[in-house]
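K.L.:
Predicted coordinates and the sequence they were generated for:
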Amino acid sequence: MLKRRVIALIVLAIGAAVGWFVYSSQITASRPFKLGLDLSGGTQLIYRAKLDAIQGNTVADSMASLRDTIERRVNLFGVSEPIVQTEHGGTLAGLSEERLIVELPGVTDTQKAIELIGQTPVLEFRMLKEGATPPATGITLDNANEFFEPSAITGRHLTSAQIQFNQSPGGIPNEPVVALNFNSEGGKIFGDLTKANVGRYFGIFLDGVPISIPVIREAIPDGTAIISGNFTAVGAKELARNLSYGALPVPIELIGAETVSGTLGGEAVERGISAGLWGIGLVGLFMIIWYRLPGVVSVVALALYVVAVLALFKLIPVTLTAAGIAAFILSIGMAVDANILIFERTREEMSNGKNAAEAIHDGFARAWPSIRDSNISSMITAVILFWFGTSLIKGFALVFGLGVLVSMLTAISVSRTFLMALGIDAKGGFSRFLFSSGVSK
Amino acid sequence: MPIVTHRKAFFALTGVLIALSLGALIVFGLKLGTDFTGGTLAQIKYENGRPDAKALSLALDEAGFQGYSLRGAGTNDYILRAGALTDEMRGNLATTASINGAFPATIAELTEVGPTIGLELRNKAIIAIGLVMLFILLFIAFAFRKVSKPISSWLYGLIALVTLIHDVIVPVGFYAVIGHYLGAQVDTLFVTAILTVLGFSIHDTIVVFDRVRENLRINQERGRREDFAETAGRSLGQTFVRSINTSLTVLITLMALFFLGPDSTKDFALTLLVGIIAGTYSSIFLATPLLVSTERYFAKRR
C-alpha cells in the first residue's frame, strides 16, 4: 500500500512538473504552441509547376531548385518562418502534377503575396527545334515561339546576373545588357550547347516571352551569357536584380490560395481556449457528481491527460489549427470514456459482493478488452483522416490520434494507481457510498 | 431487456429516421463547398455596420464578379462565394466591398481553390469514407474471430457496418436541411466530422458487442444454456449506462465547442453533435437488436 501511494505521489509530481513546463514555456515564449496559418493569420499559396518541357529525370532537380529560389525570394522580403515545400499531387483527380506550397505567416494581403512570388523571373534558354528551318526573313521576337524548344540549361543553373553596357562589336554601343553567370554544371552544358550549334539561332525567354534571339557566333566555354533586349538602363537593372535572387527553371501557375487575417485567427484561439476550459470543467463536474470518489480520480487523470497532450503539442511540435483545437476539445470528452468503462465495471463487481480492492482489480481487467478494441477503431479513423487531409485536417487527425493514445495510457495507468492508492476497503456504508454512482442503490 | 424484445418498434423508428434523412437529402440536396467545387470563398468584415446586400451586389457586378452568392454572417460580415478571381478582382476586393470607402471593409478570410484540387479532394473524401468502413469491418471480424457461435464474427462486422451507414445518413440528411435553410456547405470539415462520427459510433458498438462476446464465453465455461436474445439483452443492459454517459461527456464538450468555440468550427461541432446522438442511438437501439434478429433468422433456417 505504501509503495502504491509513493508511486501515486511521483505521478502527481511528474504531472505538476509537466504542467509547469507547459505554463512557463508559454509565458516566457521559449517554446510556444505552434499555430497554423488559420490561427496565426497568414497566407498559403499553392502553385502548379508547368513541367511539360522538363524530362522525367530532372523533375526532382527542377522542383528542388524551384523551392530554393522561392524560399530565397520569400526570405528576402522579411517574412518570418515561411514554409516552402513541394508536393506530388493530382493523382486522385486523374492526373499527375508537381506542386509548390508556400506558407507566409503574417502576410494577410493575398494579392501582395501573389505579387511577391510572381516577381520571380522564369528564365529559359531554348534551342532551335530539330529540323526546323528558320524563314528567310530570319526569326523575330514575334514568330520565335514556334521554332524553339527547351534545352538542358535552365534558370536553375544561374548563380548571378549584373547589368553591363554593351562593348562588343556589332551591338549597339552602350546599350544596357544583362550578363548571366552560370554555375560550373551550367557553364559546361552551355559550353557544349554553343559548341554544337555554332551558326544557329538561340532563344532566351523570360517569363515565357522571347526577349533576345542571338545567333551563336562561337562556343562560349566560360559560363557566361549576355542578354540584350532593347532594355532601358532601369529595366536592365531590375531584371539583373531579380535574376540574382534566382530565376525559376519552369513557370508556375497559381491553383489555390488561402488567407486568414490575424484578428480572425486570434479570436479563434481565444474562443477555442474558452470552449476547452468549459469543456474540461463541465466534464469534470459531471464525473464527480455521477461517480463520486472514482469521479474525482478520473478528474485527476483527465488533468494529467490535458497537461501531457499539451506538452506533446509543444515537444513534437504539432501545428495547431482550428480543427486541431476542435479535436482536442472533443478528445476531452472521449478521454474519460475509458474511466467510465472501468468504473461501471468496478461498480458491477462490487454489487456482486467483492470488496473494493478486488472490484477495482477485476473492473480494470474486464474493461481492458473493450478499451483496447474501441481505441483501435478510433486510431484507424485517425490514420485515414491524416491521409485524407489537407494541412488543416491533418492537424485534426494528428491531435485526435494523439488524444486517443494518451487518454488510453492515462486512464489505465493513472486512474488505476490512484484508485488503489486510496486504499479504501469498502466494507463500511460510507465507502460504499463513495464508490456508488448515479442514482444507484 | 425491452429494447431487444420490442426491437421491431425500434427498427421501424430507425426506418423513419433514415427515410426522413434520405428525403431531406433528395429534396434539398447537398451543396458542395468551395473545397470541393473550386472557386473563391471570402469573408468580408465591416467595422461600422455592413451595407445592404443589394448595394454590395451592385459594386461586385461593377468590379466584374459573375455568378457569385452573398450570405450574411454574424452581425457585421458577409460571406462571398464566387468563381476564380483575376489579379485585379483580388487586389481590389477590399475596396470593392467597401463600396468606394462608404463602408470600411477588411477581408478576414479568403480561400481560392483551383478545379484540380477540388476534384482531387472530392475523390479523396469518398475513398476515405470507404476505407474507414472497410477497415472497421475487417477489424471487427478480426477482433471477434473467436466468437463464431451462434453467429459468425463476420456478421458482427456487417451489422456494425449497417449501423455505421445509419450514422452517416442521419447527419448527412440533417446537413441537407441546415444547408437549405442556413446555407451550410459540405466542405472538408464536414467530411472530417462524418469520419469522426464513424470512429466514435463504432467505438460505442464495439463496447456492446464486446460484452455479448464475454457473456457468451462465460455461459459456455459454466455450461449455462441461455437464449441468445437473453444474453444479448443482458449485455446491452450492462453497457447501457456507460454508453449514455460516454456520449454525454462527448456531447458536453461539443456543446462547449458549438456555443463558445470559433466560428469556423461551429458547423463542424453541430454535425458532430447530430452524428454522435445518431451513433449512440444506433449502438443501443439498432446494433444489438439486429444481432438478435440475425441470430433468429439463422436459427430458423437451421
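P.N.:
Perfect, thanks for sending it.
K.L.:
Stretch A:353-368 near chain B at all?
P.N.:
Yes. Stretch A:353-368 lies within reach of chain B by C-beta under 8 Å from any C-beta of the partner chain, at A:R366. C-beta coordinates here come from the backbone N, C-alpha and C atoms, glycine included.
K.L.:
Show me which positions of that stretch end up buried.
P.N.:
For stretch A:353-368, the neighbour count (16 or more other C-beta atoms under 10 Å in any protein chain shown) marks A:K354, A:A356, A:A359, A:I360, A:H361, A:D362, A:G363, A:F364, A:R366, A:A367 as buried.
K.L.:
excluding its backbone neighbours, what's nearest residue 248?
P.N.:
Picking chain A for this. A:V122 (4.5 Å; C-beta to C-beta, 6 or more residues apart in numbering or on different chains).
K.L.:
My question was about chain B, not that one.
P.N.:
Nearest one to B:L248, counting by C-beta to C-beta, 6+ apart, is A:F286 at 6.7 Å.
K.L.:
So what's the residue count around the one you found?
P.N.:
18 (other C-beta atoms under 10 Å in any protein chain shown).
K.L.:
Any chance of the backbone angles for A:L239?
P.N.:
Here is the backbone geometry of A:L239 (degrees, to the nearest 10): phi -60, psi -40.
K.L.:
give the contact list for it.
P.N.:
A:P121, A:A161, A:V178, A:L206, A:I227, A:F231 (C-beta atoms under 8 Å, 6 or more residues apart in numbering or on different chains).
K.L.:
Apply 6 Å and report the result again.
P.N.:
Contacts of A:L239 were listed using C-beta atoms under 6 Å, 6 or more residues apart in numbering or on different chains, and they are A:V178.
K.L.:
Who are the contact partners of the residue nearest to A:L248?
P.N.:
Here A:V122 is in contact with A:D207, A:L248, A:P251 (criterion: C-beta under 6 Å, 6+ apart).
K.L.:
quick one: the helices in the chain?
P.N.:
Going with chain A. Using DSSP state H, the helices of chain A run over A:2-27, A:37-40, A:59-76, A:110-118, A:184-196, A:233-244, A:262-315, A:322-351, A:356-388, A:391-409, A:415-422, A:429-435.
K.L.:
Switch to chain B, please.
P.N.:
Counting by DSSP H, the helices of chain B are B:2-5, B:7-28, B:34-37, B:53-62, B:87-91, B:93-97, B:115-143, B:153-182, B:188-221, B:228-260, B:266-282, B:288-301.
K.L.:
Turn these into JSON lines, columns for mean neighbour count, distance to A:M379 and mean pLDDT.
P.N.:
Formatted as JSON lines, the helices of chain B follow (neighbours: other C-beta atoms under 10 Å in any protein chain shown; distance: least, C-beta to C-beta, whole Å; pLDDT from 0 to 100):
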{"stretch": "helix B:2-5", "mean neighbour count": "16", "distance to A:M379": "29", "mean pLDDT": "82"}
{"stretch": "helix B:7-28", "mean neighbour count": "15", "distance to A:M379": "28", "mean pLDDT": "93"}
{"stretch": "helix B:34-37", "mean neighbour count": "22", "distance to A:M379": "25", "mean pLDDT": "86"}
{"stretch": "helix B:53-62", "mean neighbour count": "14", "distance to A:M379": "46", "mean pLDDT": "89"}
{"stretch": "helix B:87-91", "mean neighbour count": "16", "distance to A:M379": "41", "mean pLDDT": "87"}
{"stretch": "helix B:93-97", "mean neighbour count": "20", "distance to A:M379": "43", "mean pLDDT": "88"}
{"stretch": "helix B:115-143", "mean neighbour count": "18", "distance to A:M379": "10", "mean pLDDT": "85"}
{"stretch": "helix B:153-182", "mean neighbour count": "20", "distance to A:M379": "16", "mean pLDDT": "90"}
{"stretch": "helix B:188-221", "mean neighbour count": "23", "distance to A:M379": "9", "mean pLDDT": "86"}
{"stretch": "helix B:228-260", "mean neighbour count": "21", "distance to A:M379": "17", "mean pLDDT": "91"}
{"stretch": "helix B:266-282", "mean neighbour count": "23", "distance to A:M379": "17", "mean pLDDT": "92"}
{"stretch": "helix B:288-301", "mean neighbour count": "18", "distance to A:M379": "24", "mean pLDDT": "89"}
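K.L.:
could you measure A:G279 against A:A311, distance?
P.N.:
Applying C-beta to C-beta, to the nearest Å, the value for A:G279 to A:A311 is 19 Å.
K.L.:
What parts of the stretch 151-300 of chain B come near chain A?
P.N.:
B:188, B:192, B:195, B:199, B:202-203, B:206-207, B:210, B:241-242, B:245-246, B:249-250, B:252-253, B:256-257, B:260-262, B:264-265 (C-beta under 6 Å from any C-beta of the partner chain).
K.L.:
quick revisit: between A:G279 and A:A311, which has more neighbouring residues?
P.N.:
Neighbour tally, A:G279 and A:A311, criterion other C-beta under 10 Å: the higher count belongs to A:G279, 26 against 18.
K.L.:
The residue in the stretch 1-150 of chain B that chain A sits nearest to - how many residues pack around it?
P.N.:
In the stretch 1-150 of chain B, the residue that lies nearest chain A is B:G114 (3.3 Å; C-beta to the nearest C-beta). B:G114 has 19 neighbouring residues, counting by other C-beta under 10 Å.
K.L.:
quick one: contacts for the residue lying closest to it once chain neighbours are set aside?
P.N.:
In space, B:G114 comes closest to A:I255 once its chain neighbours are excluded; the distance is 3.3 Å by C-beta to C-beta, 6+ apart. The contact partners of A:I255, by C-beta under 6 Å, 6+ apart, come to A:I46, A:R48, B:G114.
K.L.:
Give me the distance between the first one and chain B.
P.N.:
Spatial separation of A:I46 from chain B under the definition C-beta to the nearest C-beta, to the nearest Å is 7 Å.
K.L.:
Count the residues that sit near residue 146.
P.N.:
As the question left the chain open, I've gone with chain A. Counted by other C-beta under 10 Å, the residues lying close to A:E146 total 8.
K.L.:
My question was about chain B, not that one.
P.N.:
9.
K.L.:
and it, how far is that from B:L138?
P.N.:
16 Å.
K.L.:
Once you drop chain neighbours, what's closest to B:T163?
P.N.:
Closest to B:T163 by C-beta to C-beta, 6+ apart is B:S282, at 4.1 Å.
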